[in-house]
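Asks: give me the fold of what follows.
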Amino acid sequence: MKKPYELPFLPITFDAETELVFYKKVVEATEKLEKLKQKLIYSLVNESFIQLLTLQESVQSTKIEGTQITFSEMLEDKIEEKTDWEKVEVRNYQRALRLGVENIQMGYPLTERLIREMHKILMENARGSTGASGEYRKIQNFIGPTSNMKDASYIPPEPQLMGQYMKNLEQYINGHPYEEVKEEQLHPLIKAAIIHAQFESIHPFLDGNGRLGRILIVLYLLQTKLIESPFFFLSEELERERFKYYAMLNGVRAIGKTEPDWKSWIEFFLNATIKMADHQYGKLERAERLYHDGVRKLTQPSTKKVWGALFTYPVATVHQIEELTKLAPSTIRKSLATLVELNMIFGDDRTRNRRYYQYDLISIMTQ
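Replies: Below is the predicted model:
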């Protein structure tokens, strides 16, 4: 009979040689994050770009859990707000992420209480939502290909230990409230990798652990001031490397190994950070070029303003653009007609509430 894993409590320590391997990658990753941050500061499309990145993160993180929803469909959802469960899960992810970001930016720490509040939002009217939303599990769960525990690839710690494990995780994130820090602290990127893997291994909730664990990454990077706004997310890269991602997490749990393999997981996490920072820099560069190329083609200030609004709403109605720009609907329609004529955007065939699509920007965000 398989038994729950006796997950070690944090902290994790490494020998000097392993830490040196990590820090070489940390230097590269932090340089790339700083480069992305500086480019965003001076970008004319920075606010809309961050909003679109947040939506893309919400789509990719829920996709890892098996949804088939696309970025384009969620852009349309801003108009429709349909109730099918896949769209509900993505919207919930955005709301939970927003709550976490607002709390951290107001100076509140990343605590058990905040984690439970985010979980409650994440599970609202979603798959697997139960009366236990926002509460640690009280029954044994497991990860595996079937609904039978004997086939489980991983059995997390027993439910009565959730309080101990989560208290330990909170202290690892924020430091012990009554003890001075004795040992030299690991870099926030290394700690973010450890926090995510430990949370996933604790598996404190009946459902939603993967999504919530990925939100913790960005919140910890915000809390430690490694990033100053939610402009960096990892889920797109983790989704691309989904099978390796799961294999590395299993390595941390000593599955198929003689002891927990933290080194391989942290190296994978740091490499994913380097790739994603590069990838997002490239996206921002292409989005900026698209914006400036468009502005150069236009003469009317109102049309330039509508063009800019389409970087916030790449799928938009006249009403949405009106709310954003405060321009008159007749002016917006005229500007949209100009943009359609120039093949800069495309309109659908609706006679009422026509939608306009900024396909070039959608393509940049999803590549």
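
Asks: what does stretch 102-114 contact?
Replies: 99-100, 166-167, 169-170, 173-174, 216, 219-220, 222-223 (C-beta atoms under 8 Å, 6 or more residues apart in numbering). Bear in mind the C-beta positions are built from the backbone N, C-alpha and C, glycine included.

Asks: reformat those residues as JSON lines; add distance to R355.
Replies: Shown next, in JSON lines, are the contacts of stretch 102-114 (distance: C-beta to C-beta, whole Å):
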{"residue": "L99", "distance to R355": "30"}
{"residue": "G100", "distance to R355": "31"}
{"residue": "M166", "distance to R355": "44"}
{"residue": "K167", "distance to R355": "49"}
{"residue": "L169", "distance to R355": "44"}
{"residue": "E170", "distance to R355": "45"}
{"residue": "I173", "distance to R355": "43"}
{"residue": "N174", "distance to R355": "45"}
{"residue": "L216", "distance to R355": "35"}
{"residue": "L219", "distance to R355": "34"}
{"residue": "Y220", "distance to R355": "38"}
{"residue": "L222", "distance to R355": "34"}
{"residue": "Q223", "distance to R355": "39"}
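
Asks: list only buried entries from the residues you listed.
Replies: Buried by 16 or more other C-beta atoms under 10 Å: L99, G100, M166, L169, E170, I173, L216, L219, Y220, L222, Q223, out of the contacts of stretch 102-114.

Asks: nearest to I255, of those residues?
Replies: L169 (20.4 Å; C-beta to C-beta).

Asks: what helix or strand is that closest one located in?
Replies: In this assignment (DSSP states H and E), L169 forms part of helix 162-174.

Asks: contacts for that helix?
Replies: Helix 162-174 has contacts (C-beta under 8 Å, 6+ apart) with 7, 9-11, 109-112, 115, 136-137, 157, 177, 191, 194-195, 198-199, 202, 204, 220, 223.

Asks: dump the C-alpha coordinates for it into PDB.
Replies: This file holds the C-alpha atoms of helix 162-174, laid out as PDB (Å, rounded to 0.1, in the frame of the first residue of the first chain):
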ATOM      1  CA  MET A 162      -1.500  20.800   6.400                       C
ATOM      2  CA  GLY A 163      -1.400  23.400   9.200                       C
ATOM      3  CA  GLN A 164       2.200  22.600  10.100                       C
ATOM      4  CA  TYR A 165       3.400  22.500   6.500                       C
ATOM      5  CA  MET A 166       1.700  25.800   5.500                       C
ATOM      6  CA  LYS A 167       2.900  27.600   8.700                       C
ATOM      7  CA  ASN A 168       6.400  26.400   7.800                       C
ATOM      8  CA  LEU A 169       6.000  27.600   4.200                       C
ATOM      9  CA  GLU A 170       4.800  31.000   5.400                       C
ATOM     10  CA  GLN A 171       7.800  31.400   7.800                       C
ATOM     11  CA  TYR A 172      10.100  30.400   4.900                       C
ATOM     12  CA  ILE A 173       8.500  33.100   2.700                       C
ATOM     13  CA  ASN A 174       8.500  35.900   5.300                       C
END
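
Asks: which other residues reach the helix or strand that it is followed by?
Replies: Going down the chain from helix 162-174, the next helix or strand is helix 188-202, by DSSP H and E. Contact with helix 188-202 is made by 5, 7, 10-12, 22, 26, 29-30, 154, 156-157, 162, 165-166, 169, 172-173, 185-186, 209-210, 212-214, 216-217, 220-221, 224, 226, 249, 252-253, 262, 265-266, 269-270, 273, as judged by C-beta under 8 Å, 6+ apart.

Asks: among the residues you listed, which ones are buried?
Replies: The neighbour-count test (16+ other C-beta under 10 Å) applied to the contacts of helix 188-202 identifies 5, 7, 12, 22, 26, 29-30, 154, 156-157, 162, 165-166, 169, 172-173, 186, 209-210, 212-214, 216-217, 220-221, 224, 226, 249, 252-253, 262, 265-266, 269-270, 273 as buried.

Asks: among the contacts of helix 162-174, name the buried ones.
Replies: Neighbour counting with 16+ other C-beta under 10 Å marks 7, 110, 112, 115, 136-137, 157, 191, 194-195, 198-199, 202, 204, 220, 223 as buried within these.

Asks: looking at these, which is nearest R352?
Replies: For the buried ones among the contacts of helix 162-174, the nearest to R352 is I115 (44.0 Å; C-beta to C-beta).
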